[in-house]
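# sequence and predicted structure, then a few things I'm wondering about:
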Amino acid sequence: MHSVREQRLADLYDLWAAKVHAYALRHCGVEGAEDVVSETFIVAWRRIDVIPENALPWLLVVARNTIAHRRRSAGRRARLDDALAARSPDQRTTEEIATSRLETLEALRHLSAKEREAVLLIAWDGLTITAAADVAGCRDRAFRARLTRARAHLQAALNPPATPLPFVEPAQEPTS
């Protein structure tokens, strides 16, 4: 048995999902349209009580905002990739870039959840320290300390210190 809210969402989806999908196709292409539809109806579920009777315009605004957010995120990722590539004096191959990204993702997994959140709020989401501290639920000073620790741990994970080879006595030449 569906609740009234669930039934309303199901009715909205049946009525308008194709229109929202067509809108998304026009604005972000095949590769992102289905995700935009999904995200739009997730927002609709959260806000089901405020959706007007004529829901299509409301749903299209949510889809437009979702697309804009995805573009901003893609732009931030591209700028971060460009900044990382600009640091490297040599021309990196696609394989080197992919390897670098995998190493970075692996290094992020070594951080605590709070440290990873700090790095991603600044580097990925492009927030200021103050905004990131608000999201993290702490004061600016505490967030700065967390970010500093996270950066140090990330740097250590990306560039572990070289371990020196143990000293081995050279073999003695036999004397004849």
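Yes, it's here.

# lowest-pLDDT helix or strand in the protein?
When the helices and strands of the chain are scored by mean pLDDT, DSSP states H and E, helix 94-109 comes last with a mean of 70.

# residues contacting the helix or strand just after that helix, please?
Heading C-terminal from helix 94-109, the first helix or strand you meet, by DSSP states H and E, is helix 113-123. Helix 113-123 is touched from outside by 80, 108-109, 111, 127, 129, 131-132, 135-136, 143, 146-147, 149-151, 153-154, with contacts defined as CB atoms under 8 Å, 6 or more residues apart in numbering. Heads up, the C-betas are built off the backbone N, CA and C, glycines and all.

# pLDDT averaged over helix 113-123 - what is it?
Across helix 113-123, pLDDT averages out at 86.

# just the buried residues of that helix, please?
Glu115, Arg116, Glu117, Ala118, Val119, Leu121, Ile122, Ala123 (16 or more other CB atoms under 10 Å).

# same check on stretch 120-139?
Neighbour-count burial for stretch 120-139 [16+ other CB under 10 Å]: Leu121, Ile122, Ala123, Gly126, Leu127, Ala132, Ala133, Ala136, Cys138.

# secondary structure class for Pro52?
coil (DSSP: H, G, I helix; E, B strand; the rest coil).

# ok, it - how many residues close by?
Residues contacting Pro52 under the criterion other CB atoms under 10 Å number 8.

# and it, what is it in contact with?
Here Pro52 is in contact with Trp58 (criterion: CB under 8 Å, 6+ apart).

# elements contacting whichever strand or helix holds Ala68?
Assigning secondary structure by DSSP H and E places Ala68 in helix 55-87. For helix 55-87, the packing partners by 3 or more CB pairs under 8 Å, 6 or more residues apart in numbering; DSSP states H and E come out as helix 4-28, helix 30-46, helix 94-109.

# what about the ones you listed, which gets the closest to Arg64?
helix 4-28 (7.4 Å; CB to CB).

# which residues sit against the closest one?
Around helix 4-28, the neighbours that count as contacts under CB under 8 Å, 6+ apart are 2, 32-34, 36-37, 40-41, 44-45, 48-49, 51, 55-56, 59-60, 63-64, 67, 70-71.

# break the chain into its domains for me.
What automatic domain parsing lists as the domains of the chain is 4-75, 91-158.
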